[in-house]
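J.: give me a model of this one.
(one chain, ligands or ions: 1)
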Amino acid sequence: MDIIYNEKRRIFKLDTAHTSYCIGIVDEENFLGHIYYGRKLANDDLAYLMRTEEAPFVPSRNNRDRASFLDSFPMEYTGSGLGDYREGTLSVRTVGGHTGVSLNYVSHKIYEGKPALDGLPAAYGTEGECKTLEILCEDSFLKLQIILLYTVFNDNDAITRSVKVINKGKDAVYLTKVLSASIDMDNEGYEMITLHGSWARERAIQCSPVMKGKQGVSSNRGESGHQVHPFMAWKSRTATQESGDVYGMHFIYSGNFMAQIELTQFDSMRAMMGINPENFCWKLEKNESFQAPEVVCVYSADGIGGMTRTLHDLYRKHLIRGEYRDKKRPILINNWEATYFEFDTEKLLEIARQASKLGIEMLVMDDGWFGHRSDDNTSLGDWIVNEDKIKGGLKYLVDEVNKLGMKFGIWLEPEMISPDSELYRAHPDWAIAIPGRTGSLSRNQYVLDLTRKEVRDHIYDMISAVLRSANIEYVKWDMNRQLSDIGSYGLPEDRQGEIFHRQALAVYELQERLTKDFPHILLENCSGGGARFDPGMLYYSPQIWCSDDTDAVERLAIQEGTAMIYPLSAMGAHVSDCPNHTVGRVTPFETRGYVALAGTFGYELDVTKIPEEDRKMIPEQVAMYHKYNDLVREGDYYRIASYAENHFYDCYEVVSKDKAEALVTYVQVLNRPNYHSRRIRIPGLAPERTYVIANPGDWPEIKQIEYTGETLHYAGINIPPLWGDFRARLIHFVEKKGM
Ligand code: DGJ
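T.: Take a look at the predicted model:
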């Protein structure tokens, strides 16, 4: 890893172990151009790639064609309104109402380590672990400074980027768009990968050719959302899981975003990512600065899988924080699908008594324990224990659960307010609302205006009092509606366009306080399932509830899309009861266990009511979790087959970093008549080492023979058909020592 500046050629070269990223300064006006991103290069002189000798690429020599230059030069980061008609990354409006902005290089710094981003989640790394390049640019007309920040890591191929804007002018300016990164490059017939979904079917993978014009995903919902994801990749047409060029951009942010590729008239491509400019307008007073969130950029020459593993390692080592980052998480049982709102102390203890006997380690009390909430109509904001339900109080319940040898966790939804709540009756102006307009309810609730400090403090005081009142060791932080009716009674007219971003910053501030004040609490984020599963939230919680759909088959696609960019250690996954509450499907309890094993693993059912044969299987599943979780949490993930693509079977693998073992999960979703065995190739193991299957007892049809890693990778094994649908198997390969 290194960052070098070739002073003579005026080129920056950022190197990771396997990639290079090059930026050049051109012309007397010091435009910043993007030269190259891809496989690692030697330190050759790349100035010839800048095209500065081609006709429109010399603005100062031929100012007549300045607009042509601006409209075709591969910019490193772009202004707008001055002749670059491609979509720009920065837009401003002056007090006079004008909108043009451009940026030119002024100076730079290269230093060890990585600065934190004020109030924002971001990748971290110490001196020695990473190096940072700060390029100071300026619009000299507006006296606006723009700092482009790049970091490379010594143990990871990702490059992080962000942007800071500082107003050095004499008047305020309005920032109407500040994206965090863009990459201009020639199109080589790329295909774009994005993630799409809805409630209960989040993050389905979509791949389509990059077409002329603009294409992308964006959220204006005040969170990343079920529907789209703050991620995009583009890959060469022939790239597969294991080979070919893949570029990815992933946004460390949880609010409105845009991710877009524009294919231009010259067949060049501009990829960009940042805060969605829709309804965004940030007033920047003289000498104030605005910090845009961070984008993670990845290039992989090893296909989609290479990108996946780079992101997994980055998030596990440079984003997720806290005590649980590298630790096995307690196996929890959550009462949501078991009881919904119908529970009391005795019911919860009944579940805990059974669960503790089976090896489950933590009881999580979900929605419905506060105010007078017995459905979703009421009480959000009144974070006071309902002692009609929680008889004896919270401390009594927690103590009783602790006596069973179990930990206790609690559900909260701190960002919300029910119209039927003491809080709303006392402070109707604390909800986000447009004055005078009837607000749109969603799940019978409004969103609290967290842009106001007094609101944040009040809510924090209430929830922290609950957390201090008993031995609470886990919090599920939920968010069950998206933002609408954007207005704040706390902000002046010309700052209403700041609400969406301020709200995201407020959530970050609250979670930062919570994780600092309660460092021993395991935090799991959640949003109506997986609507805020993003790298921003991952900075605060090591795990995020993946989806409200707990059906093992639906989960295959949801977990495939999620695991493409997130480590398995982050994916909240539970075994639930059947018929499944979302789709009515009945799957074997064993299969539900195998599928949940690919995530944090837990239960979401009434353990006192499930069939005896299922209950009996729980201790085995608990043992399986303890046996394999280190490998699942820390290993390298390989996607082998996709049920979402082939409609019959799913297969994925986790290989330990030392390549001494691998766990393959195979799910035969549908059986077929007279179908012969299926060949599965097992990548990632050491080619020259010898492996055996450690658990043939599970599956005697898979014979215990010896294979080299090379044979497993290129020839694979034959998986015999299983009787019935929704059947699954785990295959554990271990290195045969002493060979
Ligand atoms: C949505 C979550 O995803 C569920 O698990 C559950 O906590 C409900 N909210 C409770 O309202």
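
J.: list the contacts of residue 389.
T.: If you count contacts by C-beta atoms under 8 Å, 6 or more residues apart in numbering, residue 389 has them with 343-345, 368-369, 374. Heads up, the C-betas are built off the backbone N, CA and C, glycines and all.

J.: turn the residues you listed into CSV, including distance to the ligand, secondary structure and neighbour count.
T.: Formatted as CSV, these follow (distance: C-beta to the nearest ligand atom, whole Å; DSSP: H, G, I helix; E, B strand; the rest coil; neighbours: other C-beta atoms under 10 Å):
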residue, distance to the ligand, secondary structure, neighbour count
343, 12, coil, 22
344, 17, coil, 18
345, 19, helix, 19
368, 8, coil, 23
369, 11, coil, 27
374, 12, coil, 16
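
J.: what is the most widely separated pair among those residues?
T.: 345 and 374 (14.8 Å; C-beta to C-beta).

J.: the ligand contacts on this structure?
T.: Applying C-beta under 6 Å from any ligand atom, we find that the chain lies next to the ligand at 336, 366-367, 411, 478, 480, 526, 528-529, 545, 548.

J.: and of these, the nearest to residue 196?
T.: Closest approach between these and residue 196, by C-beta to C-beta: residue 529, at 14.7 Å.

J.: skipping adjacent residues, who's closest to whatever residue of the stretch 1-150 of the chain ends up closest to the ligand in space?
T.: Nearest residue of the stretch 1-150 of the chain to the ligand, counting by C-beta to the nearest ligand atom: residue 121, 21.3 Å away. What sits nearest to residue 121 in space, not counting adjacent residues and going by C-beta to C-beta, 6 or more residues apart in numbering, is residue 539, at 3.2 Å.

J.: show me the contacts for that neighbour.
T.: When contacts are counted by C-beta under 8 Å, 6+ apart, residue 539 is found next to 121-122, 252, 319-321, 508.

J.: about what we covered before: among the residues of the chain next to the ligand, which are in helices?
T.: residue 336 (DSSP state H).

J.: neighbours of the closest residue to residue 375 other than its chain neighbours, just the number please.
T.: Closest residue in space to residue 375, ignoring its immediate chain neighbours: residue 341 at 5.6 Å, by C-beta to C-beta, 6+ apart. Counted with other C-beta atoms under 10 Å, the neighbours of residue 341 add up to 15.

J.: again with residue 152
T.: 25.

J.: quick check: closest non-adjacent residue to the closest residue to the ligand within the stretch 251-400 of the chain.
T.: Per C-beta to the nearest ligand atom, residue 367 is where the stretch 251-400 of the chain lies closest to the ligand, at 3.5 Å. Nearest residue to residue 367, sequence neighbours excluded (C-beta to C-beta, 6+ apart): residue 411, at 5.2 Å.

J.: from memory the one you found sits against residue 363, does it?
T.: No - using C-beta atoms under 8 Å, residue 411 is not in contact with residue 363; the gap is 11.6 Å.

J.: the more surrounded of these two?
T.: A direct count of neighbours by other C-beta under 10 Å for residue 411 and residue 363 places residue 363 higher, at 28 against 21.

J.: and that one, what does it touch?
T.: Counting by C-beta under 8 Å, 6+ apart, residue 363 has contacts 332-333, 335, 348, 351-352, 355, 401, 406-409.

J.: could you pull up the mean pLDDT of stretch 226-234?
T.: Mean pLDDT, taken over the full extent of stretch 226-234, equals 98.

J.: got it, and stretch 328-339?
T.: Computed over stretch 328-339, the average pLDDT equals 98.

J.: low pLDDT regions in this structure?
T.: 62, 738-739 (pLDDT under 70).

J.: and the residue nearest the centre of it?
T.: residue 534 (2.6 Å; C-alpha atoms, centre = their mean).

J.: list the contacts of that residue.
T.: By C-beta under 8 Å, 6+ apart, the neighbours of residue 534 are 224, 229-230, 251-254.

J.: just the buried ones from those residues?
T.: Neighbour counting with 16 or more other C-beta atoms under 10 Å marks 224, 229-230, 251-254 as buried within those.

J.: so how far is stretch 652-661 from its chain's centroid?
T.: In terms of C-alpha atoms, centre = their mean, to the nearest Å, the centre of stretch 652-661 is found 23 Å from the chain centre.

J.: buried sites along it?
T.: 652-656, 659-661.

J.: these two touch, right, the residue of the stretch 251-400 of the chain closest to the ligand and residue 342?
T.: No - if you go by C-beta under 8 Å, residue 367 and residue 342 don't touch, sitting 11.4 Å apart.

J.: which neighbours do the two have in common?
T.: Counting by C-beta under 8 Å, 6+ apart, residue 367 and residue 342 have no contacts in common.

J.: and those two? Which one has more around it.
T.: Neighbour tally, residue 367 and residue 342, criterion other C-beta under 10 Å: the higher count belongs to residue 367, 20 against 12.

J.: quick one: the helices in the protein?
T.: According to DSSP H, the helices that the chain contains are 66-72, 303-318, 336-339, 345-358, 393-403, 422-426, 453-468, 499-517, 535-538, 552-563, 589-597, 612-634, 643-646, 709-714.

J.: mean neighbour count, these: which tops it?
T.: Mean neighbours per residue, mean count of other C-beta atoms under 10 Å, is largest over the helices of the chain for helix 535-538, with a mean of 27.

J.: got a list of contacts for it?
T.: With contact meaning C-beta under 8 Å, 6+ apart, helix 535-538 is reached by 120-121, 224, 230, 250-255, 293, 296, 315, 319-320, 504, 508, 511, 525, 544, 566, 570.

J.: stretch 688-699 now?
T.: So stretch 688-699 is in contact with 659, 661-662, 685, 702-710, 712, 729-736, 739, going by C-beta under 8 Å, 6+ apart.

J.: hey, where'd the strands end up in the stretch 601-739 of the chain?
T.: For the stretch 601-739 of the chain, the strands defined by DSSP state E, counting those that start in this stretch occupy 602-604, 636-641, 649-655, 661-668, 678-680, 690-693, 707-708, 717-719, 727-735.

J.: that's all I had, so thanks and see you.
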